[in-house]
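> how would this look folded up:
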Amino acid sequence: MKLRCIAAISAVLALSLLLLVPVTATDATDADDIILAEYHDSLNINAGSSADIKIVLTNVLPGGNSANNRLVNVMYTTPKDVTVDVTSTGGNSFLMLGGDTKEIVLSVHVGIYASTGTYDLKIQLELISAVSPGDSALTPETTFTLNINSPLSSGDAFNKILGIFDNPFPEPFDTPLFTAVITFILWILIGMLLFITIIPIFLYLVMRDHEEEGKDLRREIRNFLPLVLILYAIDSSLRVYGAPEELIGNVENWFNVFYIILGAVIAWRLYLVFVKYTSNKLSNNSRLDQKEMDIAPLLRLLGKLVISVMAVALVLSTMGFDLAAIITSAGIVSLGITFGAQNILSQFFSGMVLLITRPFKSGDLVRVGSNEIYRVLEVNVMNTVFENWDNEEKVIMPNNMVSSSKISNLTGDGLIYRIAVFMTIAYGDNLELAKKLMIDAAMAHPNVVKDGSVDLPSTRVMAFLDSSIQIRVTAYVYDFNDSSRIGGDLRESIYKLFNENDISIPFPQMDVHLDTVTPESTRSKKTGKTKSDA
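Got it, this is the predicted structure:
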């Protein structure tokens, strides 16, 4: 009985399992489980650059069942010099759930030596069941059209004279090799024509006022231009011949290095013309001492640095280095140098400002700050050398200190200088007479300017003091160096004139009264007793 029950139960379980198998079993993975819902079928891209293709995939199977999940592996077939990167979680492989929609990006990179033309980029998806890894299927290939444009390809120039005109010669002279030779010869002839006619006229118009620099520039052009023509003719002939892009690219890189060097040489010659023009312009200013404060060497140094750095950066960029990285690295280095040598750079740039703006020249007397008066001896890039006007001491001052101070150029336009002499008279004295006498004293001095080129001596009441009236007389003297002596002479002359004309000069007075006492009275005062008291 027990055996029958066990057999019956076993049969029921077996039948149940047979009935459940169709319910839990999954369909085989099909190529239509994942579809491309959206994509662009063509892409225009230049050689040496990159572009993206966006693709939207959709799992058409219903969600909620892990058996409908698919592992997607992206496979692609690329033309020569083209690579593809898939931007998605997990790289080329990712999981898509049932009913899921996913956007992936294909980053297409085209090599710099890729040829111009239309190419097919083929994409195919491998679909793998998430629950049965052995169950997989391949989707049909999807073709994307790549329109690649390369500046190194021959293109329309192939087998055309000068890259423009069709070869009209019959066989065997209609070959690309013969067309390239004809192109080379024609470019040389065209270059010689330009060299003989147009370039001399251009140089004459530009450099006619700078004969010396013009000779140097013409010599450089005579040395370099024939080689430039040959290089350009070779480059054009290679395109006409249909040479490989890699060969054309390598040749052009070296040619570009030469062009950069030639451009730097021409830029340097033109910059020298600018330096000479600037120096001549400054030499017409009578205030500037060209012998001791010539800025031409400084300008030449700065121009040489700038042109050299730019030429080196362009050469490195031509050789394949990242120009942006070079500039960034140079900026970081410059920033470090700036912080490390901040004071030195401040002196240098302040010196350049002083040399270019020329607020004073050698021999000028200047007031630095509010009191100190110095004679300018020499202005250098980093410092300025002064001489103490009173004690004949040399003072070397950093240029950043000079440029940040208040500078009064006392003899900037000449040695003529205005001095002021102050006098006081008593209240009640003849004010108009005192003013007249002060002017007469100034007019009588031989070193006071009286030719009308500047204002004549004049007076002004400056203040009403406690016991006097203050009057100022101003006059221009010929030489600032004598201003102190002349001021003393005027004070002495005015004093004599005031005495002769009964003009008094008040001064503080103090009356001192002495009380003569006997020793006995002094002792009595000390003890507080008088004689009578005793």
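> Output stretch 125-144 as PDB - backbone C-alpha positions only.
Written as PDB, here are the backbone C-alpha positions of stretch 125-144 (Å, rounded to 0.1, in the frame of the first residue of the first chain):
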ATOM      1  CA  LEU A 125      25.300  44.100 -32.000                       C
ATOM      2  CA  GLU A 126      25.800  40.800 -30.300                       C
ATOM      3  CA  LEU A 127      22.800  40.000 -28.000                       C
ATOM      4  CA  ILE A 128      23.400  37.500 -25.200                       C
ATOM      5  CA  SER A 129      20.700  36.200 -22.800                       C
ATOM      6  CA  ALA A 130      21.300  37.400 -19.300                       C
ATOM      7  CA  VAL A 131      20.200  34.000 -17.800                       C
ATOM      8  CA  SER A 132      21.700  31.800 -20.500                       C
ATOM      9  CA  PRO A 133      25.100  33.100 -21.600                       C
ATOM     10  CA  GLY A 134      25.300  30.400 -24.300                       C
ATOM     11  CA  ASP A 135      22.200  31.800 -25.900                       C
ATOM     12  CA  SER A 136      23.200  34.700 -28.300                       C
ATOM     13  CA  ALA A 137      22.300  36.200 -31.600                       C
ATOM     14  CA  LEU A 138      23.800  38.800 -34.000                       C
ATOM     15  CA  THR A 139      21.800  41.800 -35.400                       C
ATOM     16  CA  PRO A 140      22.200  42.700 -39.000                       C
ATOM     17  CA  GLU A 141      25.000  45.200 -39.800                       C
ATOM     18  CA  THR A 142      24.000  48.800 -39.700                       C
ATOM     19  CA  THR A 143      26.100  51.000 -42.100                       C
ATOM     20  CA  PHE A 144      27.100  54.600 -41.300                       C
END
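> Report the buried residues of that stretch.
125-130, 135-137, 139, 144 (16 or more other CB atoms under 10 Å). The way it works is simple: take the backbone N, C-alpha and C, and place the C-beta from them, glycine included.
> which among the residues you listed gets closest to residue 194?
Among the buried residues of stretch 125-144, residue 144 lies closest to residue 194 (CB to CB), at 46.6 Å.
> so residue 487 is in which element?
Secondary structure assigned from DSSP states H and E places residue 487 in helix 483-500.
> Give me the residues contacting that helix.
Residues outside helix 483-500 that contact it (CB atoms under 8 Å, 6 or more residues apart in numbering): 417, 419, 421, 423, 425, 434, 437-438, 440-442, 444-445, 447-448, 473, 475, 477, 503-505.
> Type out the ChimeraX command that picks the buried ones from those residues.
Buried residues among the contacts of helix 483-500 (16+ other CB under 10 Å), as a ChimeraX selection:
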select :417,419,421,423,425,434,437,438,441,442,448,473,475,477,503
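> that older thread, nearest to residue 117, of the buried residues of stretch 125-144?
residue 144 (14.6 Å).
> and that closest one, what does it touch?
Counting by CB under 8 Å, 6+ apart, residue 144 touches 39-43, 53, 120-123.
> ok, now how distant is it from residue 79?
Per CB to CB, to the nearest Å, residue 144 is found 11 Å from residue 79.
> Ok, residue 507 next?
Applying CB to CB to residue 507 and residue 79 gives a distance of 109 Å.
> Who has more neighbours out of the two?
Higher neighbour count among residue 507 and residue 79: residue 79, with 16 against 9, using other CB atoms under 10 Å.
> Name all residues that make contact with that one.
119-121, 146.
> picking up where we left off before, which of the contacts of residue 144 has the most neighbours?
Using other CB under 10 Å as the neighbour test, those are led by residue 123, with 22 neighbours.
> tell me the phi and psi of residue 137?
phi -150, psi 160 (degrees, to the nearest 10).
> which stretches of the stretch 301-450 of the chain have low pLDDT?
Low-confidence segments of the stretch 301-450 of the chain, defined by pLDDT under 70, are located at 323, 325-326, 329-341, 370-371, 390-391, 412-414.
> just the helices in it please.
For the stretch 301-450 of the chain, the helices defined by DSSP state H, counting those that start in this stretch cover 323-340, 342-357, 399-404, 431-444.
> Any idea which of those gets closest to residue 368?
Here helix 399-404 is closest among the helices of the stretch 301-450 of the chain (CB to CB), at 7.3 Å.
> Could you list every helix and strand in contact with the closest one?
helix 342-357, strand 383-388 (3 or more CB pairs under 8 Å, 6 or more residues apart in numbering; DSSP states H and E).
> What helices and strands are in contact with the shortest one?
Using 3+ CB pairs under 8 Å, 6+ apart as the contact criterion, the elements in contact with strand 383-388 are helix 342-357, strand 372-379, strand 394-398, helix 399-404.
> picking that back up, which stretch among the helices and strands packed on helix 399-404 comes nearest residue 279?
Nearest to residue 279, of all these, is helix 342-357, at 11.5 Å by CB to CB.
> gap between the closest one and the chain center?
17 Å (CA atoms, centre = their mean, to the nearest Å).
> Now do it and strand 394-398, the angle between them.
110 degrees (axes from the mean of the first three to the mean of the last three CA atoms, to 10 degrees).
> For helix 342-357, buried residues please.
346-347, 350-352, 354-355.
> Can you tell me which of those residues lies closest to residue 461?
Nearest to residue 461 among those, with distances taken as CB to CB, is residue 354, at 41.5 Å.
> what's the burial count for residue 312?
13.
> brain fart, residue 359
Around residue 359 there are 16 residues (other CB under 10 Å).
> Surely it and residue 407 touch.
Yes - between residue 359 and residue 407 there is a contact under CB atoms under 8 Å: 6.0 Å.
> ok, the top strand by length along the chain: who's next to it in the sheet?
Longest strand of the chain, by residue count under DSSP state E: strand 117-129. Applying DSSP bridges, strand 117-129 is found paired with strand 70-77 (antiparallel), strand 136-138 (antiparallel), strand 142-149 (antiparallel).
> So the closest residue to residue 411 other than its chain neighbours versus residue 415, what's the distance?
Excluding its sequence neighbours, the residue lying closest to residue 411 (CB to CB, 6 or more residues apart in numbering) is residue 365, at 4.7 Å. Look at residue 365 and residue 415: by CB to CB, they are 8 Å apart.
> what's the answer for residue 202, then?
Per CB to CB, residue 202 is found 50 Å from residue 415.
> Give the burial count for the closest residue to residue 116 other than its chain neighbours, as a bare number.
Nearest non-adjacent residue to residue 116, counting by CB to CB, 6+ apart: residue 153, 3.8 Å away. By other CB under 10 Å, 22 other residues sit near residue 153.
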